[in-house]
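**Student:** Give me a model of this one.
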Amino acid sequence: MASSDGSGTVPLDQGMFSDMESMQWALGGFAVDIGGSLAKVVYYAASRRRSLDAETAQHVRPGSDAQDDSATSVDDAHEQGRLHLAVFETKHISAFMDFILETVRPNFLERPMAATGGGAHRFAQLFESKLGCSLDKKEELTCLVTGANFLLTKIPNEAYSFHDGEVPPRKFCQLSDNPYPYLLVNIGSGVSILKVDGPDQFERVDGTSLGGGTFWGLGNLLTKARSFSDLLDLAGQGNSNGVDLTVGDIYGESVPSSLGLNADLLASSMGKAARQESGTEFKDADVAKSLLSMIANTIAQIACLNARLYGLNKILFGGFFSRSQPGTMAAITFAVKYWGQGKLQALFLRHEGYLGAIGAFLSNSPVDVFQIGHGKNLLEKQSFDEHFTRATPKKEGLLIGSLELEHRVRGVAPFPLLADLDAYEADTENLCQDVKAREYWIACLKRAQDKVVKLAIASSEGTAAVQRAEAFGRTYLEHLAILEQDPSAYGKLSVRMMLDVRQQCLREFNFVDPYVKIKQQENSVALTSLAALVTKLDQLEWAERQRTLVEGLLAGNAFDWGAQAATERMEKGLIDFDTETAALRHKTWLMDDYEAWFERIRDGPPHRQAVLFADNCGADVVLGVLPFVRELLQRGTRVILAANSTPAINDVTFPELIQLMDQVRKIVPELDTALECGSLQLMPSGTSSPCIDLTRVDSEFADACRDADLVIIEGMGRSVHTNLNAHFACDTLKLAMLKNEWLAKRLGGNLFDVIFRFEPAPPQQS
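**Tutor:** Predicted coordinates for the structure are as follows:
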């Protein structure tokens, strides 16, 4: 396709605009932020799985004829949409319009397109003449603030500080609860500085004409770089000392102490160029580095002056100027630390360049799609997860150019029984900081990948399953390589995050639930033993029954197809529920609070309501969890049994739990009665991972749990990889079998040791 803007072959990466043909215009569908240098695009589309058929390379939608059985399990009742974020150079706006004409449905262009930035005015006539589409111009500063607030409150690990020389250099800040007040410094072609006091409270307090456009323009004049990216790359290779004049260059080695200045402090940007003889050439890289430092220092100094003037200590830098480049962020951070005298904090955003475009998108009312009432900015009530599988890896593992946010049909909210939401950390290990743990878990996931690929192939009956599975394997290994190189590239690195990315990659290549057949088989086998187990439990004395029930919970947790050590035993037929239960009488309990739990249920009143997070299908949920739930119900405790909303390894999902209970209620009358009267509720937890971040659970589930006085978290992912150190406002049980030898030894135990931790509710504050 040729461009009509005179640029010849279109240098527009059309691959970044995935799923555009399935855009949903009822949502406001599309928004653009057209700046002087770069144009940013945000659009909402139904996500489409990647088929990777060698002949067609087409996307395959669940429900289509080309879809295999693995994507038709009960969990995939609806198709999620995604917010797609992309960027291109404004000079190619005409080529972008050509692409739009060739790609989207004809009726897409019948309604106004949300637009902001200077280009919304400059190119309005071009949009009208070429696309027949009018622009709904949105106020630029309002869009910037709306977009920033959305990212800060909706996307985990969005904001971070940068620490040059440290590994990793990013330290993430959780600002989602209340990010206000803050100073927003948006660096586009020029710079706007805004004081943000609340969701709808802001004012522009300052600005400067020295911005990204200045850097790019002077770079074009002074170096051979001809694109913004090339100029940033060039600066990353340079040494500004070859061009800049330092205090030491002026005073020599003996800088007067009265000045209070270090000899290596910058005195004059590009000052050495004025001292050199005519004809002296400077390296392009050194000039670019000096230029970058000059612009960054100037912007940071103006920002610091405003922050001090208005009594703010958080300065957030947005716009595409830094592009997550270490050199740019290091320069800004150093300048803020210097001019702010160590009292101000420079923060950066992972989606820094899309503030205006997101704000413009949010300004349209998405009532038609979400059906959540009437009013403005309704999308802000929705929840999103970052989706990594289509993002384009760039230098140093950073993601720039094409990003996606997956829309959750159901909202999320913090789990209401956390003792201190601000102090809560989901992940037990921070793999950004723990080098040994990071190296181990990345290597562990790499070793497991061949087996996951084989399982994906075995679960699929469709065509091209082998090609899709191999493509999934390559894609996930690429992500692990990125995280090896830059552990903080996707946010705060943890086992949970890497497992989440693997699940995303599986779904992206149409393996929605590769363990579905294994789960069905495991459930069927376990159900044949349930009646006999219940009869056996009823014959025990009360005290012995309590011990046996806890042993059953722990024994059931051994049946985990996500743990290599457990999988090897199950594949060889070396494990059964009765044997595992009996062995617990002689096994090491690495954390053993059973006596404290026994005293609580023997001497204390019955709990009003319990919330139990279930783990695996099969023996785990059928023979371990359900008898324990039955006992709670018989004590008079109401129970919420929570399961994953979507598949992860062999964990039971909410739809599977409903189907399973249809069979269980025929075997266990007490559970049938409890379901009928509502004392037993089955609910989706909102997670699609073997781990769980309790700041983001299903909002309806969170509301239902508010009156609970007992929380039970089962499984290695939910209670060891995550939430081992979490504190709750009520009684809590955390239990798991350690099915990873490295992890067991790190905790001071051995493979297949068990954890049973009881944490009583903290004393009530008077």
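**Student:** For stretch 100-112, give the mean pLDDT please.
**Tutor:** Per-region confidence: stretch 100-112 scores 71 on mean pLDDT.
**Student:** do the same with stretch 726-739
**Tutor:** Here the average pLDDT along stretch 726-739 is 97.
**Student:** Report the distance from the helix or strand encompassing residue 443 to the chain centre.
**Tutor:** Using DSSP states H and E, residue 443 maps to helix 435-459. Helix 435-459 sits 20 Å away from the centroid of its parent chain (C-alpha atoms, centre = their mean, to the nearest Å).
**Student:** buried stuff in that helix?
**Tutor:** Going by neighbour count (16 or more other C-beta atoms under 10 Å), the buried part of helix 435-459 is 437-438, 440-442, 445, 449, 452-453, 455-457, 459. All C-beta spots, glycine's among them, are computed from the backbone N, C-alpha and C.
**Student:** quick one, strands of the stretch 1-150 of the chain?
**Tutor:** 30-34, 38-46, 49-50, 59-60, 81-89, 113-116, 135-137 (DSSP state E, counting those that start in this stretch).
**Student:** for the protein, which helix is longest?
**Tutor:** Longest helix in the chain by number of residues (criterion: DSSP state H): helix 284-310.
**Student:** quick one: that one to chain centroid distance?
**Tutor:** 31 Å.
**Student:** Give me the helices and strands touching it, please.
**Tutor:** On a contact count with 3 or more C-beta pairs under 8 Å, 6 or more residues apart in numbering; DSSP states H and E, helix 284-310 meets strand 182-187, strand 191-198, strand 201-208, helix 212-222, helix 228-237, strand 314-318, helix 326-339.
**Student:** helix or strand for the closest residue in space to residue 622 that isn't next to it in sequence, which one?
**Tutor:** Among residues not flanking residue 622 along the chain, residue 526 sits closest, at 3.7 Å (C-beta to C-beta, 6 or more residues apart in numbering). Following DSSP H and E, one finds residue 526 within helix 516-538.
**Student:** Kindly report the same for residue 757.
**Tutor:** Using DSSP H and E, residue 757 falls in strand 754-759.
**Student:** same check, this time on residue 570
**Tutor:** helix 564-571.
**Student:** What are the buried residues along that helix?
**Tutor:** 564-567, 569-570.
**Student:** any chance of those residues in TSV, plus distance to residue 297 and pLDDT?
**Tutor:** Below are the buried residues of helix 564-571 laid out as TSV (distance: C-beta to C-beta, whole Å; pLDDT from 0 to 100):
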residue	distance to residue 297	pLDDT
564	52	78
565	54	74
566	56	71
567	55	78
569	61	77
570	61	73
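**Student:** hang on, the earlier thing: which of the helices and strands packed on helix 284-310 sits most buried?
**Tutor:** Across these, averaging neighbours per residue (mean count of other C-beta atoms under 10 Å) puts strand 182-187 on top, at a mean of 27.
**Student:** Just the CA coordinates for that one, please, in CSV.
**Tutor:** Output in CSV follows, covering the C-alpha atoms of strand 182-187 (Å, rounded to 0.1, in the frame of the first residue of the first chain):
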residue,chain,number,x,y,z
TYR,A,182,0.5,14.4,42.4
LEU,A,183,2.2,16.6,39.8
LEU,A,184,1.8,15.3,36.2
VAL,A,185,4.5,16.3,33.8
ASN,A,186,3.4,15.3,30.3
ILE,A,187,6.3,15.5,27.9
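**Student:** Surely residue 420 touches residue 726?
**Tutor:** No: using C-beta atoms under 8 Å as the test, residue 420 is too far from residue 726 to be in contact (9.6 Å).
**Student:** These two: who's more crowded?
**Tutor:** A direct count of neighbours by other C-beta atoms under 10 Å for residue 420 and residue 726 places residue 726 higher, at 23 against 11.
**Student:** any idea whether the more buried one is helix, strand or coil?
**Tutor:** coil (DSSP: H, G, I helix; E, B strand; the rest coil).
**Student:** what about it, distance to residue 491?
**Tutor:** 19 Å (C-beta to C-beta, to the nearest Å).
**Student:** Neighbours of residue 600, how many?
**Tutor:** For residue 600, using other C-beta under 10 Å, the count is 18.
**Student:** same check, this time on the one 5 residues further on
**Tutor:** Applying other C-beta under 10 Å, we find 10 other residues in the vicinity of residue 605.
**Student:** now it, what's its secondary structure?
**Tutor:** Classified using three-state DSSP, residue 605 is coil.
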